[in-house]
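K.L.:
make a model of this:
(2 chains)
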Protein chains: 2
Amino acid sequence: MAIDQRRVIELLNGADDVLILTHKNPDGDTLGCGVALYHVLTAMGKRARVLNGDVIPDRYSYLFEDVETLEFEPKFIVAVDVADNKLFGEELDALYGDKVDLCIDHHGTNVDYAKETFLNADDGAASLTLYRVFVEMGAEITPAIAAALYTGISTDTGCFRYSNTTPEALRVCADLIDAGADSAAINVAMFETKPFEYYDLLSEVLGSMRVFCEGKVVVFKVTNKMLEKTGATLDQCDSISAISRQFEGALCGITMKEKQDGGYKFSLRTHEPLDASALCAEFGGGGHMRAAGCDAPEGREEETLNELVALIEKELK
Amino acid sequence: MAIDQRRVIELLNGADDVLILTHKNPDGDTLGCGVALYHVLTAMGKRARVLNGDVIPDRYSYLFEDVETLEFEPKFIVAVDVADNKLFGEELDALYGDKVDLCIDHHGTNVDYAKETFLNADDGAASLTLYRVFVEMGAEITPAIAAALYTGISTDTGCFRYSNTTPEALRVCADLIDAGADSAAINVAMFETKPFEYYDLLSEVLGSMRVFCEGKVVVFKVTNKMLEKTGATLDQCDSISAISRQFEGALCGITMKEKQDGGYKFSLRTHEPLDASALCAEFGGGGHMRAAGCDAPEGREEETLNELVALIEKELK
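P.N.:
Numbers count the residues shown, from 1 in each chain, chains lettered A, B, ... in the order given. Coordinates of the predicted model:
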């Protein structure tokens, strides 16, 4: 059920022993929201815990410096930046997928799995949606909260590069820096630090590049073999997906990532007029207008790619 | 002679037939300042012309859409974002180097070559310095001016990634988007569009990578041969320099670019505590705290590199 901001505040004010769920393959936005909400609830004297189905990549560890892992039986479950209960990961989905009281999200593709959902699809990041909630609640934006929300907004907007960067997002981040977010350090950690393996992987991936539709579609392939050879992790592929769209004249970048358990995950990045979310929806996936994903069944990745390229070709006509 | 903002406004109000000089190997900040100042002066009924000693790279062409090249004998000469008259290039330096009436700049290393200099070394971009001047003048910020200044601020701050990004820079850019700067299109052109040759060059450069001081110094080499082989241009090396600093644990990235006429240009990018500008000053160069450059004489590039690495090693102790 869709709710408004006033109802969100009512729910948060009334809640206690809050379990905060974030999405698997965690990014800065889901973790930033989770940690920020943890701090706001804790400051209100409530117990809260942030949970993720995956191991949190090291580079996000600064977010968790003052976050304690309290044990309690949750009385209220909030999901942040999670468009689909499947994205909790199998284990957490089985435990909590149908028990989420409140979802705060910015994905237009949200499947409405929670009892109540506060969705603002115009926001470049759920952290921006949440910031407005906090301001309306009168919550004090401490340096830790500011750092968490800054992380969420900056990562989901590609550090203010992407078309989802609104003037409001820039102004909010200015306020968050004033409130104590060390933006320079966060940006170095999020955008300016790559392990040596990352560039080894990039070299491999660039070697695998294919081009379709006269350069309008650029396709990268990331295999488990490449990851083994370079020592890079799947998590490091995210920035590589972004590169697939950067070639002059390219309107769609497709990164085909081999999954550990077989099959491929396709990550699409598009420029106008291609709607990545709509394209992926044709293959059972989803996401945002300019960044979305879908799965290809094992052994059918090339067939799926051909179908996808044909669909893009049709769209571009 | 150092002057304040009031004096800048006095000079601009009194000037006519204004020649605006920008620096060679032009970037978004010098061109953004030049074009924005052109529009403000033109709107005041004055004649103005933007001049650069180099060919302007294609990706900046949107800045010049409504800029006319008027012929007139200059009565007032302004330099924007130019720290040293040598940076005009030989020809323009010979013509105008000692005749600059006003310099508006943000380089702490400015050599004070102009009759009057308005310098704000705390600004991440000269476009930010200039924006404040325009606001104080009561100039209308048209979409063209907004686009030019947004380009300058976003490019000089690495699209708000670098440590020179202040809350003010974010707020000013929010205002510039509100005033009509198409930030999404500008960001695509400036940061999200690379020619296919760029990644060919990057692969070559990564292959040439050397590491010193236990990974704290990463050295790239870009030779004329690599440029020939890939078809890439020197201008495309700028983003490659930024990559040299991105390796986990690296505190200094050095990109050694072979010059057309022999010798090498070194581009330094640093993290705390290394001062790129101070390091380059030891070799007759200069720039900013986190990004600076110097030249190595023909045939002495490896010797210069060794000296530089030794100096960095000393600094880090």
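
K.L.:
okay, CA-based contacts and neighbour counts for the rest of this
P.N.:
OK.

K.L.:
isn't residue A:224 right up against residue A:263?
P.N.:
No. Counting by Cα atoms under 8 Å, residue A:263 is not a contact partner of residue A:224; they are 11.0 Å apart.

K.L.:
joint contacts of those two?
P.N.:
Shared contacts of residue A:224 and residue A:263, defined by Cα atoms under 8 Å, 6 or more residues apart in numbering or on different chains, are absent.

K.L.:
neighbouring contacts of the least confident helix or strand in chain A by mean pLDDT?
P.N.:
Least confident helix or strand of chain A, by mean pLDDT, DSSP states H and E, is helix A:237-243 with a mean of 82. Identification of contacts with helix A:237-243 by Cα under 8 Å, 6+ apart yields A:202, A:220, A:222, A:253, A:254, A:255, A:267, A:268, A:269, B:192.

K.L.:
low-confidence regions, the stretch 201-317 of chain A specifically.
P.N.:
For the stretch 201-317 of chain A, no stretch is flagged by pLDDT under 70.

K.L.:
up against chain B, what does it have?
P.N.:
A:203, A:206, A:243, A:245, A:246, A:247, A:248 (Cα under 8 Å from any Cα of the partner chain).

K.L.:
PyMOL command to pick out the buried ones of the contacts of helix A:237-243?
P.N.:
Buried members of the contacts of helix A:237-243, identified by 16 or more other Cα atoms under 10 Å in any protein chain shown, are gathered into one PyMOL selection as follows:
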select buried, (chain A and resi 202+220+222+253+254+255+267+268+269) or (chain B and resi 192)
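
K.L.:
which residues touch the residue in the stretch 1-150 of chain A positioned nearest to chain B?
P.N.:
Closest to chain B within the stretch 1-150 of chain A is residue A:59: 10.5 Å, counting by Cα to the nearest Cα. When contacts are counted by Cα under 8 Å, 6+ apart, residue A:59 is found next to A:189, A:190.

K.L.:
helix, strand or coil: sort out it for me.
P.N.:
Secondary structure for residue A:59, judged by DSSP: H, G, I helix; E, B strand; the rest coil, is helix.

K.L.:
per-residue pLDDT, it?
P.N.:
Per-residue confidence (pLDDT) for residue A:59: 91.

K.L.:
what bridges to residue A:256?
P.N.:
Judged by DSSP bridges, the bridge partners of residue A:256 are residue A:221, residue A:266.

K.L.:
tally up the residues packed near it, please.
P.N.:
When counting by other Cα atoms under 10 Å in any protein chain shown, one arrives at 25 neighbours for residue A:256.

K.L.:
is it true that it touches residue A:269?
P.N.:
No. Proximity of residue A:256 to residue A:269 does not meet the contact threshold set by Cα under 8 Å, at 11.8 Å.

K.L.:
element containing residue A:139, please.
P.N.:
Using DSSP states H and E, residue A:139 is not contained in any helix or strand.

K.L.:
which phi and psi does it have?
P.N.:
Phi and psi for residue A:139, reported as degrees, to the nearest 10, are phi -70, psi 140.

K.L.:
report the contact partners of it.
P.N.:
Contacts of residue A:139 (Cα under 8 Å, 6+ apart): residue A:40.

K.L.:
could you measure from it over to residue A:125?
P.N.:
When distance is defined by Cα to Cα, to the nearest Å, residue A:139 is 19 Å away from residue A:125.

K.L.:
same check, this time on residue A:38
P.N.:
Applying Cα to Cα to residue A:38 and residue A:125 gives a distance of 18 Å.

K.L.:
residue A:99 now?
P.N.:
From residue A:99 to residue A:125 the distance is 24 Å (Cα to Cα).

K.L.:
show me the shaky parts of the stretch 1-150 of chain A.
P.N.:
Using pLDDT under 70, nothing in the stretch 1-150 of chain A is flagged.

K.L.:
got the domain ranges for chain A?
P.N.:
Following automatic domain parsing, chain A resolves into domains at A:5-191, A:196-316.

K.L.:
I'd like those domains as TSV, with distance to residue B:118 appended.
P.N.:
Below are the domains of chain A laid out as TSV (distance: least, Cα to Cα, whole Å):
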stretch	distance to residue B:118
domain A:5-191	26
domain A:196-316	37
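
K.L.:
for residue B:110, find the nearest of those.
P.N.:
domain A:5-191 (24.8 Å; Cα to Cα).

K.L.:
please tell me how far that closest one is from the chain's geometric centre.
P.N.:
Centroid separation for domain A:5-191 versus its chain: 11 Å, with Cα atoms, centre = their mean, to the nearest Å.
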